[in-house]
Structure formats: C-alpha cells, structure tokens
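# Here is my input; please provide its structure:
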Amino acid sequence: MKNKLLTIILFLSPIALFAQNKQTEKADKLFETYQYVAAIEEYLKLAESKKADNYVFKQLADSYYNVYNTAEAAKWYAKAVVKSSDGETFYRYAQTLKSQGKYQEANTQMDKFASLMPYDQRAKDHKANPNYIPSLADKTKLFDSKETKINSKEQSDFGAVLTNDNTLYFASTRNTSNKTDKWNNQPYLDIFSSTLNPNGTLSEPQKVNELNTPYHDGPVTVSADGNTMFFARDGHSEGVYEKDKKNKIQIGEQGLYRASKVNGKWSSIQALPFNSKNYSVSHPSLSKDGQTLYFASNMPGGLGDTDIWKVTVKGTSYGKPENLGVSVNTAGKEGFPFITDDNVLYFASSGRQGFGGLDIFKVDLNNPSETINIGKPINTEKDDFSFSFNTSKNIGFFSSNRDGVDNIFEAIPVCTAEAFAIVKDKKTGKVLANATVSILDEKRNVIATSQTNTSGEVMYDINCNTLYIFQVTKSDYDPATSTVEKVKSGRTSVVIELEPIEVIVTETEVILKSIYFEFNKSNITEQGATELDKLVKVMKDYPTMEILVKSHTDSKGTSAYNLNLSNQRAQSTVQYLISKGIAKERLSGKGLGFTEPKIDCKANCNDEQDAQNRRSEFLIVKK
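Residues are numbered from 1 along each chain as shown. The predicted structure follows:
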C-alpha cells in the first residue's frame with residue numbers, strides 16, 4: 001500500500017518497452033495500470049508455459065517488487081539479470097537481497113549496478129563504502145521499539161501521528177467493506193483515530209467518518225493547536241483522474257487536502273492548488289509554526305522516483321513547492337517526511353545505504369550537513385517507514401512490515417547524556433591528570449574505564465534516568481567513589497577529591513586506617529585491600545622492614561571463638577601481603593582475640609567501643 005502512496009507513476013525503461021509483444025500484451029496492460037496482483041498472475045502463466053524471456057522475468061520481478069514481496073522479486077530478478085544491461089534492475093535486485101539479509105550477494109549486484117551507472121550517487125556511495133552494514137549495526141542505539149496494540153494484523157496500518165491533545169491519527173486498510181484496490185488486493189485506505197491514555201495505552205481505533213471516502217484517504221498531519229489538518233486523498237474521490245480509454249480505466253493520483261476542526265468535527269475540506277492529474281503528492285507534515293508543509297511527490301524537477309518537497313503556507317495561500325535537494329533526496333525513493341518541533345526531518349528512503357528496503361533517516365534542517373540512518377531496532381532488513389515524533393510528549397511512532405504486514409510500532413527514545421568526572425587533590429585543590437576513572441552501574445559492574453586528561457576530566461555517555469557510580473584510583477592517593485545522580489538530559493559533572501596517602505610510620509609500628517572484616521569472616525574486603533596496599537608500599541620503600549600483624553576482635557563470642565577468628569584474620573592479612581610481592585620471611589601474624597582490648601569495657605562494650613577494639617596492628621619487628 002505504501003508504495004502506491006510513494007509513487008503512482010512508474011517509469012518503464014526503454015529496454016522493457018521494446019521487449020513487449022503480443023504474448024505479454026494482457027499482462028503489460030495490467031502492469032501499466034498498476035494492477036500488479038493481476039499482472040503477476042498473467043506473467044506467471046507465461047513463465048510456466050516456457051514462453052518467458054528476459055522481459056517477462058523483469059516485469060514479474062518488478063510486479064513483486066511493487067507489492068513488496070521481496071522474496072519472490074529476488075527469485076525473478078535473479079533470472080532477469082542473466083541477460084540484463086539495465087542498471088536499475090541490478091539495483092532493485094540488490095535491494096531485495098538486502099531485505100533478506102544477504103548482504104554479500106547484494107554487494108555483487110551493487111558492483112554491477114555501479115559499473116553501469118558510475119555517476120549515480122548510489123553507485124558512488126557503494127564504491128566509497130561497500131561493506132557499511134557492520135558499522136551501521138554498531139551505531140549507538142537512538143530508540144527502543146515495541147509493537148502497539150492497535151494493529152489489525154491482517155491489514156496495513158501506518159502513518160501514525162500523535163497530536164498535542166493525545167489523539168493518534170493513522171491510515172489503515174482494516175475497513176474490509178471498502179472497495180478493493182487492484183494494486184495489491186487490499187481495501188482502500190481510511191483515516192482512523194485512537195486516544196493515548198495517561199497509562200500509555202491506546203484506545204480502540206475509530207473511523208474518522210467525516211474525512212473518509214470510498215477511495216484512499218490518509219495519512220495526515222495536524223497543526224500544533226489541533227485545529228488544522230492536511231491529509232492525502234485519492235483523486236477519484238474528487239473526480240480528479242486521467243481516463244485510459246485503451247484499457248478502460250481511470251487513473252487517479254494522490255493529492256493533498258486541508259480541513260478545519262469545527263465543534264470537534266473536521267470540515268471545510270479544500271484541495272491544495274498544486275495537486276495534479278499528472279503526478280502524486282502525499283505524506284504531509286506541517287511545521288510547528290504552521291508555515292511550512294513538507295510532502296512527498298513525483299512531480300517534475302525531482303531527483304528520483306519520489307522526492308521530499310516543501311511549500312510555504314500563509315493562511316490558505318501557498319507558495320511554489322521547493323525540492324529539498326541532495327541532503328535528503330536521491331535517485332531512489334524518498335517519502336513519509338515528518339518535521340519535529342525542533343526542525344529535525346525524519347523520512348524514509350530506498351536510495352541511501354541501509355539495512356534493506358526502506359530505512360528511516362533523519363537530518364537536522366538547522367544544519368543539514370549530515371543525514372543519519374537512525375539504526376536498529378527501528379530499521380531492519382524489511383521496510384521501515386512513516387516515522388513521527390511528538391517532542392513535547394517524548395514519544396514516536398513508525399511502521400514496518402517486518403512481521404509480514406504494515407504494523408504500527410512505538411519508538412521510545414534512548415535518552416543519553418554526558419557525565420563528567422573531575423578529579424582533584426583534596427588538599428591542594430589541583431586537578432589530577434592520569435587518574436583512572438571507572439564508571440559502574442547500580443550493581444557495581446564496571447562498564448568502562450579511562451584516564452583523566454590534563455584538565456583532570458574524563459567523560460562518559462550515559463543513559464538518562466539511570467544511576468551510575470564513578471570509581472577513581474591514582475597512585476599515592478586513597479581511592480574514592482562518587483554517585484552520578486540520575487539526569488533527564490544534557491550534562492552532569494561530579495567533582496571527586498582524592499586524599500593523598502599519608503601512612504604514619506613510627507619507631508614501633510605502621511599506622512593504617514582500621515582494617516574491616518565482614519561479620520564472622522576472615523577474607524580481605526575491598527576496603528581492607530586498599531589499606532594493606534599502603535603497607536605494601538611502605539615495606540617496598542623499606543626493603544629490610546619486618547612486620548608482625550596483630551589482629552584483635554570485639555567482646556562478642558567466646559574467648560576460644562575470638563582467638564581462632566583473630567588468628568584467621570591475621571593469617572589472611574599476611575597472605576594478602578605476600579600475594580603483593582612481600583617476602584614471607586618479612587611477615588608474621590598473630591591473633592589475640594579479646595585479650596588486649598583498646599578500650600577495656602569487658603562485656604559491657606557498646607557498638608562504638610566494639611568497633612575500636614576490632615583492629616589490626618602492624619608492629620615493626622625490624623626496620
């Protein structure tokens with residue numbers, strides 16, 4: 001369905017026209033009048049009767065291509081390209097292969113396309129970067145996606161746009177009582193609406209009866225105040241069509257129409273002045289100020305099959321349509337433009353490097369120097385298109401046929417921000433270069449590690465509304481951690497002050513901060529290791545120093561239990577020091593239980609007194 005709305009007039013190559021004959025006449029008439037399902041039946045008869053030639057294969061492949069049956073299209077393009085010298089056929093074959101994830105095979109066909117059409121921008125892009133898929137797949141994710149609950153499953157749903165009053169408009173073929181479009185054997189489109197509820201659910205869709213006709217209606221765009229709508233409509237509804245007397249049919253083009261909301265209903269429908277019997281205009285999108293209307297068209301002056309255009313709007317007057325040029329348009333198909341409140345244009349394209357079929361791209365029209373593929377999971381090997389985004393509500397919608405039929409999906413922004421760690425000396429206030437800064441998640445899993453620059457800074461990209469932790473180390477300084485609070489967007493900075501290591505070495509002992517152990521355990525904790533590393537440094541500075549580790553417990557428990565536990569802790573401490581390179585001959589350990597309390601409170605110790613009694617002492621046996 002979307003292909004008809006992208007472009008109605010398909011230009012047949014001179015080679016294809018030349019190859020027509022009496023045998024293909026019936027099928028060709030159906031093809032030329034866009035009745036692709038019926039055309040497929042006729043071309044298949046020729047193929048199965050062994051009367052097919054290269055022309056029939058190509059027409060059959062193009063027919064499947066135009067109804068987006070890429071698997072069958074690829075099958076017949078494979079036959080068509082055996083003798084074909086038509087560059088566009090190789091390009092379409094490559095597109096169908098990409099849609100099946102066959103990227104290497106697609107590259108072979110793109111090589112042939114590029115040799116036949118070397119000046120085509122698509123060929124230039126291919127030559128410059130033929131194996132772009134891995135880098136495209138590795139791009140930072142911009143959105144998450146999930147299927148909405150309003151899809152009709154068996155019919156096409158697309159073109160969803162959310163207004164500021166929480167109304168979601170979209171186009172659908174779900175009204176099976178409508179006439180059937182011979183293009184693809186689906187009912188004609190109607191415009192439907194649904195309400196976005198406060199809990200994020202969507203109400204059961206309803207037909208917008210005042211906008212629908214027996215022919216195609218939709219998709220739509222609505223002004224910021226909700227009172228003006230522009231929408232696409234089939235020319236048959238307005239009596240705007242060309243008569244094909246030879247084939248006894250009427251060929252209508254898509255046009256754009258304007259409606260106003262009066263007492264909650266859409267009325268005063270007017271055709272826009274640049275509608276035509278000779279080309280299609282569709283896929284409207286109105287800027288926030290209501291003064292620029294973007295749309296897709298195959299009108300003269302474009303760069304490819306269909307292009308994105310814009311026109312100025314002043315009340316009910318309109319300027320001359322302008323093509324958006326090479327920053328958006330290619331020799332392929334571009335359609336489904338959507339302009340956000342902050343002037344970012346999203347659109348679908350088959351002419352740019354993507355995963356296959358139609359991909360969704362974006363360009364900032366304030367600075368249109370770079371056009372970006374918005375990546376997975378929005379884009380897939382199938383057709384992904386019709387992206388819209390409500391910036392005030394921070395929610396988007398798009399459509400895809402990844403499940404076999406056009407369905408509407410929700411696009412949830414992956415909010416990113418920048419977190420800066422600024423590391424300083426706590427005593428002097430000077431910034432510290434070459435400090436190691438790790439960023440951890442809430443479960444203290446290390447995500448990444450880097451070193452500060454000469455300004456004492458390191459930056460990490462983070463997700464919004466997520467808690468992180470900075471963990472900082474530097475030689476000759478105590479390590480430190482700091483929480484990175486949740487942010488909504490933008491940038492956050494955290495200053496982390498490191499305290500210089502100042503170990504007190506007397507004539508009789510090395511004084512460290514208390515070495516903590518977990519309750520009823522003797523293994524060295526992270527905090528204990530940090531302190532013991534200071535002792536390691538002292539013993540390396542004094543290579544003849546010998547240390548006796550004396551471990552003490554609190555008053556809890558029996559004397560025998562405390563004596564055993566303190567011995568275990570003393571030996572764990574010694575083993576840790578040995579593991580750091582200190583010779584075992586320089587170390588000894590002894591557990592004293594509660595026999596030498598720092599505060600002699602006996603059995604009446606409070607928590608603070610117990611904490612002071614649980615200690616390790618590092619006595620200097622030899623200096």
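
# where does the chain have low pLDDT?
1-20, 182-184, 236-252 (pLDDT under 70).

# For the helix ranked longest in it, output the C-alpha coordinates as PDB.
In the chain, assigned by DSSP state H, the helix with the most residues is helix 559-579. Only the C-alpha atoms of helix 559-579 are listed here, as PDB (Å, rounded to 0.1, in the frame of the first residue of the first chain):
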ATOM      1  CA  SER A 559      37.300 -16.500  74.100                       C
ATOM      2  CA  ALA A 560      38.200 -19.600  72.100                       C
ATOM      3  CA  TYR A 561      36.000 -18.400  69.200                       C
ATOM      4  CA  ASN A 562      37.500 -14.900  69.100                       C
ATOM      5  CA  LEU A 563      41.100 -16.300  69.400                       C
ATOM      6  CA  ASN A 564      40.500 -18.600  66.400                       C
ATOM      7  CA  LEU A 565      38.800 -15.900  64.300                       C
ATOM      8  CA  SER A 566      41.600 -13.300  65.000                       C
ATOM      9  CA  ASN A 567      44.200 -15.900  64.000                       C
ATOM     10  CA  GLN A 568      42.400 -16.500  60.700                       C
ATOM     11  CA  ARG A 569      42.200 -12.800  60.100                       C
ATOM     12  CA  ALA A 570      45.900 -12.300  60.900                       C
ATOM     13  CA  GLN A 571      46.900 -15.100  58.500                       C
ATOM     14  CA  SER A 572      44.600 -13.800  55.700                       C
ATOM     15  CA  THR A 573      46.300 -10.400  56.100                       C
ATOM     16  CA  VAL A 574      49.800 -11.900  55.900                       C
ATOM     17  CA  GLN A 575      48.800 -14.000  52.800                       C
ATOM     18  CA  TYR A 576      47.500 -10.800  51.100                       C
ATOM     19  CA  LEU A 577      50.800  -9.000  51.600                       C
ATOM     20  CA  ILE A 578      52.700 -12.000  50.300                       C
ATOM     21  CA  SER A 579      50.500 -12.000  47.200                       C
END
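
# contacts for that helix?
515, 517, 520, 522-524, 528-529, 532, 535-536, 539, 547, 549-554, 556-557, 584, 587-595, 616 (C-beta atoms under 8 Å, 6 or more residues apart in numbering). All C-beta atoms are positioned from the backbone trio N, CA, C, and that covers glycine.

# Buried ones among the residues you listed?
Neighbour counting with 16 or more other C-beta atoms under 10 Å marks 515, 517, 522, 524, 528, 532, 535-536, 539, 547, 549-554, 587-589, 591-594, 616 as buried within the contacts of helix 559-579.

# Show me what counts as buried in the longest helix of the chain.
Applying 16+ other C-beta under 10 Å to helix 559-579 flags 562-574, 576-577 as buried.

# which strands and helices sit next to the following helix or strand past it?
Downstream of helix 559-579, the first helix or strand assigned by DSSP states H and E is strand 587-591. Secondary-structure packing of strand 587-591 (3 or more C-beta pairs under 8 Å, 6 or more residues apart in numbering; DSSP states H and E): strand 546-551, helix 559-579.

# Out of those, which is closest to Ser455?
Checking those against Ser455 by C-beta to C-beta gives helix 559-579 as the closest, at 35.8 Å.
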